[in-house]
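K.L.:
Got a predicted structure plus its sequence, pasted below:
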Amino acid sequence: LQVFVKYSHFKLDTRSLLDMFDGILQKFADRAPVSVMVRGLLEHLLNAERLDSWFDTTCERQYTRTLLFSSLVGLMLQVVCRVQTSVNAAYRHSAIAVSIVAVYDKLQGMELKTSQELVRWIGQESQAIIEPLGGERPALLPGYAIRYLDGNCLAGSEKRLKALRASAAALPGKSLVVFNPRAGVVCDVFPCEDGHAQERALLPQVQARIRAGELWITDRNFCVSAFLVAIAEAKAHCIIRHHAGRTVKPLGPLQPAGDSPSGPIFEQAVEINDEDGQYLWRGRRIVVKLHTPTRNGDRILALLTTLPSQIAPAPIIAELYRTRWTIETAFQKIEAHLNSELNTLGYPKAALFGFCLALVAFNLYAVVMAALRAAHPDTDIDDSVSEYYLAAEIANTTQGLNIAVEEEQWTRFAQADRTLLCALLLNLARRVDLHRLRKNKRGPKKPRTPRTQHKGKPHISTAKVLAGT
């Protein structure tokens, strides 16, 4: 109701804007509103004029001669969003005037800073739309901006490069990703070309991005002195799983501090020291004695935090750390619904550029999900809407949308101010048939049936087994 009242005075503007569309686009708005929302967001955030202007102010060594940066992004997004199956297929359906070799050369030389800054820019723009849209999730800890930090390693690429043909599986790179759970967007990324690099080696770049009032939640791999000091100096806070090699000086015994579905919780005040025993800061150690061991066999989950107990009691700390798996879920969605790891791109800069564009596309999907949450406040969108069917509808209708609708029809999205864009997104989101996008929730997994027949045989005929012969 609040969202409706907030934007009701833009209702006439939105209707008049829709009335200006031709009949073909109107049909897509009625029957495939999600695809229109995504294409409209692309036109608003990544239109050619705006994107090329941004590139000119961001790039360091690269330059534009014939192949525009916007053309390259548009081509790669076709592949990332599974509209086209490969870079070459997308090139064949494009109007790019240069050769395919020139396209690959441009990808090969893509600066990591450009890929990184593109994710940051679209992350900021997406959050700036989601907030006035009214699509943010409830705050997990009011007063704190939560940030999840985790690493992602790109899978081995095909051995198309001559230097890789006689080698083992080649890893084109890895990155650290920062996730904002309230908006549901990736707000930062730190790519690295060395697929064997230790994730901790990228932490100095992360430390420079920490801001006051943030709460960083991450795994024990990042429980290192420099990172802990940087969080404290920035007047931020953390919840980090205690690494066994991290020196902790107890300032009192473990005291019972509540219970959780995972097990009983205990707490103690501790002093955190560096590897040489030097004092870093004083905080709390939260210990959960797990009913069920982790996949690594751990029965005790120990967390270090700088949050005061008055603001976040031990059970809340344990629950906040459990939500860290949201970023793992985001990685799974990016891998499952988007073509985030293009194994045909062997050069690290090209592969990382493809991954960063997948993060950009993920943020656009986050805006769509936020619009659905705002337009359907009585429905649990995150629990009921399937991102798989969402991505499938976009992939299935985008090519027809691009062919049938004239380019000038989309300029209205590019020219719309943010308030009008939010009103338009809400109007389109109300047209979405949520029943078509609902998740198919499966029951508990059945135990695997032990093999008792046809032992020693590598395969059987299904038809003969069903026929009983």
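P.N.:
Perfect, I can see it now.
K.L.:
can I assume residue 334 sits in a strand?
P.N.:
No - Residue 334 is assigned helix when assessed by DSSP: H, G, I helix; E, B strand; the rest coil, not a strand.
K.L.:
how deep is it tucked in, by neighbour count?
P.N.:
23 (other C-beta atoms under 10 Å). From N, CA and C alone the C-beta is placed, and that goes for glycine too.
K.L.:
wait, doesn't it sit right on residue 341?
P.N.:
No - the pair residue 334 / residue 341 is not scored as a contact, 9.1 Å apart, by C-beta atoms under 8 Å.
K.L.:
residue ranges for the strands of the stretch 201-350 of the chain, please.
P.N.:
For the stretch 201-350 of the chain, the strands defined by DSSP state E, counting those that start in this stretch occupy 214-218, 237-241, 248-250, 255-260, 263-273, 279-289, 300-305.
K.L.:
for the stretch 1-150 of the chain, same thing?
P.N.:
Listed in chain order, the strands of the stretch 1-150 of the chain (DSSP E, counting those that start in this stretch) span 145-153.
K.L.:
how about low-confidence regions in it?
P.N.:
Segments of the stretch 1-150 of the chain classed as low confidence (criterion: pLDDT under 70) are 1-22, 63-64.
K.L.:
buried residues in stretch 240-252?
P.N.:
By neighbour count on 16 or more other C-beta atoms under 10 Å, the buried set for stretch 240-252 is 240, 241, 242, 246, 248.
K.L.:
so which of these would you say is closest to residue 414?
P.N.:
Of all the buried residues of stretch 240-252, residue 240 has the smallest distance to residue 414: 42.6 Å, by C-beta to C-beta.
K.L.:
quick one, domains of this protein?
P.N.:
19-112+347-439, 135-161+170-343 (the TED database).
K.L.:
Let's have those domains in a markdown table, adding distance to residue 449.
P.N.:
Formatted as a markdown table, the domains of the chain follow (distance: least, C-beta to C-beta, whole Å):
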| stretch | distance to residue 449 |
| --- | --- |
| domain 19-112+347-439 | 27 |
| domain 135-161+170-343 | 23 |
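K.L.:
List just the one of those domains that sits closest to residue 118.
P.N.:
Among those, domain 19-112+347-439 comes nearest to residue 118, with 6.1 Å by C-beta to C-beta.
K.L.:
from the chain's centre, how far out does that closest one sit?
P.N.:
15 Å (C-alpha atoms, centre = their mean, to the nearest Å).
K.L.:
Stretch 146-153 now?
P.N.:
Counting by C-alpha atoms, centre = their mean, stretch 146-153 comes out at 10 Å from the chain centroid.
K.L.:
same check, this time on stretch 207-221
P.N.:
Relative to its chain's centre, stretch 207-221 lies at 17 Å (C-alpha atoms, centre = their mean).
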